[in-house]
Structure formats: structure tokens, C-alpha cells
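Asks: Using only what follows, build the 3D model:
(one chain, ligands or ions: 1)
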Amino acid sequence: MTDRSDRKPLCPVEHDQCEYLSELVELRQQVSQLAELVHTDTLTGLNNFRFFIQALEQELERTRRTGYSTALVMMDLDHFKQVNDQWGHEVGNKALVLAAQLIRAGVRKMDIPCRYGGEEFAIILPSTDLRQSIQVAERIREMLENSPLFIQDAQEINLTASFGIELFRFGDSSDAKQLVRKADQLLYEAKASGRNQVCFGTQEQDASAAAVSEEEKDTLFSLFGGQQADEE
Ligand SMILES: Nc1nc2c(ncn2[C@@H]2O[C@H](COP(=O)(O)OP(=O)(O)OP(=O)(O)O)[C@@H](O)[C@H]2O)c(=O)[nH]1
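Replies: Residues are numbered from 1 along each chain as shown. Next comes the predicted model:
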């Protein structure tokens with residue numbers, strides 16, 4: 001038989017301290033589970049509105065710091081009241097879960113899909129330009145259009161959604177609230193134009209914005225034009 005007398009105990013603290021430590025670890029796990037619950041929408045498993053607001057503020061701050069634009073996609077299921085009215089609230093809930101699954105499947109890991117409330121979703125796309133964000137919204141729109149919800153007796157419900165996209169760029173003076181408002185306005189434009197479509201706001205830096213005014217040219221000439229002449 002081996003002599004175990006010189007072996008170190010498994011836990012390098014007194015027995016009661018060891019118990020205390022494992023309780024502490026358990027408590028920490030519970031706290032982090034609770035924190036996750038606080039930020040999760042119970043029906044869809046997406047991030048909830050509370051998380052959305054915090055995440056959007058953070059991403060706008062990142063844009064201000066790094067210069068990489070943040071895109072905000074607002075998405076709203078079309079004629080959702082009809083789904084509830086015709087098939088009942090439970091089926092309506094299943095439609096929301098399906099929409100959430102498709103959103104999750106259609107975005108990158110770094111993107112932040114959220115349930116904004118009711119049948120409206122918000123997707124934050126960090127470090128994303130307008131072209132890329134339109135691609136993402138179009139992808140989700142098509143996936144939803146082509147993924148009917150199957151219910152009892154082999155019946156299916158076709159779902160569609162409308163989208164509004166607004167971009168937050170480096171140097172923008174607007175804030176999170178204004179960004180949401182703009183994206184929401186575009187979403188309602190998409191609704192008004194027939195639904196099942198994507199409307200977007202800020203164009204890629206257009207020629208007029210990038211152009212240098214005559215006044216600016218004069219200033220630049222007086223600053224650098226003379227210098228160039230001297231150097232030549
Ligand atoms: N099943 C279910 N329905 C919800 C939930 N939250 C909101 N709704 C329903 O979503 C419906 C939204 O209806 P409306 O705001 O009239 O919009 P809509 O019918 O989608 O019409 P448009 O947005 O104009 O295309 C209402 O019937 C709400 O009761 C939910 O958590 N579960």
C-alpha cells in the first residue's frame with residue numbers, strides 16, 4: 001500500500017474555506033447567467049431592447065474612435081396582425097422565433113441582432129458600409145420570403161418583412177436616438193412602398209459632399225499653391 005501521508009490536499013486551503021470558494025464560484029456562475037437573462041429576449045433568444053440600446057451606444061463610440069462606420073438595420077414583419085388574427089397568438093410567436101432564427105443565420109458573428117419590440121427587430125452591423133449592410137438586409141429578406149412557417153395539417157404561412165437601413169459614419173453629429181429614428185423612417189418608407197423591401201438612407205459619400213467648394217479651393221491655393229511655386 002502507498003503512503004499518502006505526504007500528499008498535498010486537493011484544495012490548498014482549509015476544508016471550510018474550500019467550501020466557501022466553491023459556493024463563490026457557483027454564485028458567480030449564477031450572476032453571469034442572470035446577467036445574460038437580463039439582456040435576452042425570452043421568446044426569440046435574441047438580445048433584448050435593453051441590450052440593444054447599450055450596444056448601439058458602444059458601437060457609435062467605436063465609430064467615433066476608429067472611423068469604421070456602423071450600420072443599423074431595422075426590420076418589421078409585414079401584416080403580422082393578420083397572422084395573429086388568422087392563426088392565433090401561439091402561431092404568431094412561432095413566426096417570431098422563425099424570423100429570429102433566420103436573422104441569426106443571416107448575420108456575421110460580430111453583428112448584434114436584437115428584438116426591438118413586438119414584431120420589430122434591430123440589427124447592429126459594426127464596421128460595415130452601406131453596400132454590405134444592404135446585402136445583409138436583402139439576404140435576410142430573401143431567406144424569410146423563401147422560408148414558410150409550417151403549421152398543423154401541412155399548412156404553411158408565408159412571411160415577409162420590410163427593412164430600413166441608416167449608417168453612422170465617422171464625424172456624424174447625430175446620436176443613437178436619431179439614428180434609430182432615421183432607420184425607422186426608412187423602414188416605414190419600405191412599408192409605404194409596398195412592403196417586403198429594403199430602403200436605405202445615407203448614400204455612399206456622394207460627389208457633392210466630397211467636392212471642394214470654390215471658397216475652399218481658394219484657401220487651399222493660397223496655403224499650398226504659393227508653397228509649391230516656391231519649391232519649384
Ligand atoms: N404573437 C405575438 N404577436 C405580437 C407580439 N408582439 C406584438 N405582436 C402583434 O403584432 C401585431 C402588430 O400589428 P401592426 O402594428 O398592426 O402591424 P402589422 O399588422 O405587422 O402591419 P404592418 O407593420 O403595417 O405591415 C399586433 O397584432 C400585435 O399584437 C408577440 O410577442 N407575439
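Asks: tell me which parts of this structure are close to the ligand?
Replies: 43, 76-81, 84, 89, 92-93, 96, 118-119, 191, 195 (Cβ under 6 Å from any ligand atom). No exception for glycine: its C-beta is placed from N, CA and C like everyone else's.
Asks: Out of those residues, which is nearest to Asp129?
Replies: Asp76 (23.2 Å; Cβ to Cβ).
Asks: for that closest one, which residues make a bridge with it?
Replies: Glu120, Ser162 (DSSP bridges).
Asks: Can you spell out which helices and strands pack onto the strand or helix carrying Ala105?
Replies: Assigned by DSSP states H and E, Ala105 belongs to helix 89-106. Contacts defined by 3 or more Cβ pairs under 8 Å, 6 or more residues apart in numbering; DSSP states H and E place helix 89-106 against strand 70-77, helix 80-87, strand 112-117, strand 120-125, helix 130-145, strand 149-151.
Asks: Now tabulate these in a markdown table and tack on mean pLDDT and mean neighbour count.
Replies: Conversion of the helices and strands packed on helix 89-106 to a markdown table gives the following (pLDDT from 0 to 100; neighbours: other Cβ atoms under 10 Å):
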| stretch | mean pLDDT | mean neighbour count |
| --- | --- | --- |
| strand 70-77 | 98 | 26 |
| helix 80-87 | 97 | 14 |
| strand 112-117 | 98 | 21 |
| strand 120-125 | 98 | 24 |
| helix 130-145 | 98 | 18 |
| strand 149-151 | 95 | 16 |
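Asks: who touches whatever residue of the chain ends up closest to the ligand in this structure?
Replies: Across the chain, no residue is closer to the ligand than Gly92, which sits at 2.6 Å (Cβ to the nearest ligand atom). Applying Cβ atoms under 8 Å, 6 or more residues apart in numbering, we find Gly92 in contact with 80, 83-84.
Asks: how about Glu166, what does it touch?
Replies: By Cβ under 8 Å, 6+ apart, the neighbours of Glu166 are 71-72, 179, 182-183, 186, 200-202.
Asks: hang on, it in a strand?
Replies: Yes. Assessed with DSSP: H, G, I helix; E, B strand; the rest coil, Glu166 lies in a strand.
Asks: Looking at the helices and strands packed on helix 89-106, spot the one closest to Cys18.
Replies: Per Cβ to Cβ, nearest to Cys18 of the helices and strands packed on helix 89-106: strand 112-117, 40.0 Å.
Asks: So which bits of the helix holding Ala105 are buried?
Replies: Buried positions in helix 89-106, judged by neighbour count with 16 or more other Cβ atoms under 10 Å: 91-92, 94-96, 98-100, 102-103, 106.
Asks: With just CA atoms, put it into CSV.
Replies: C-alpha atoms of helix 89-106 as CSV (Å, rounded to 0.1, in the frame of the first residue of the first chain):
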residue,chain,number,x,y,z
HIS,A,89,-51.0,34.2,-30.8
GLU,A,90,-49.1,30.9,-30.4
VAL,A,91,-48.5,30.6,-34.2
GLY,A,92,-47.6,34.3,-34.2
ASN,A,93,-44.9,33.5,-31.6
LYS,A,94,-43.6,30.7,-33.8
ALA,A,95,-43.3,33.2,-36.7
LEU,A,96,-41.3,35.5,-34.5
VAL,A,97,-39.0,32.6,-33.5
LEU,A,98,-38.5,31.6,-37.2
ALA,A,99,-37.7,35.2,-38.1
ALA,A,100,-35.2,35.4,-35.3
GLN,A,101,-33.5,32.2,-36.4
LEU,A,102,-33.2,33.5,-40.0
ILE,A,103,-31.8,36.8,-38.8
ARG,A,104,-29.2,34.9,-36.7
ALA,A,105,-28.3,32.7,-39.7
GLY,A,106,-28.0,35.7,-42.0
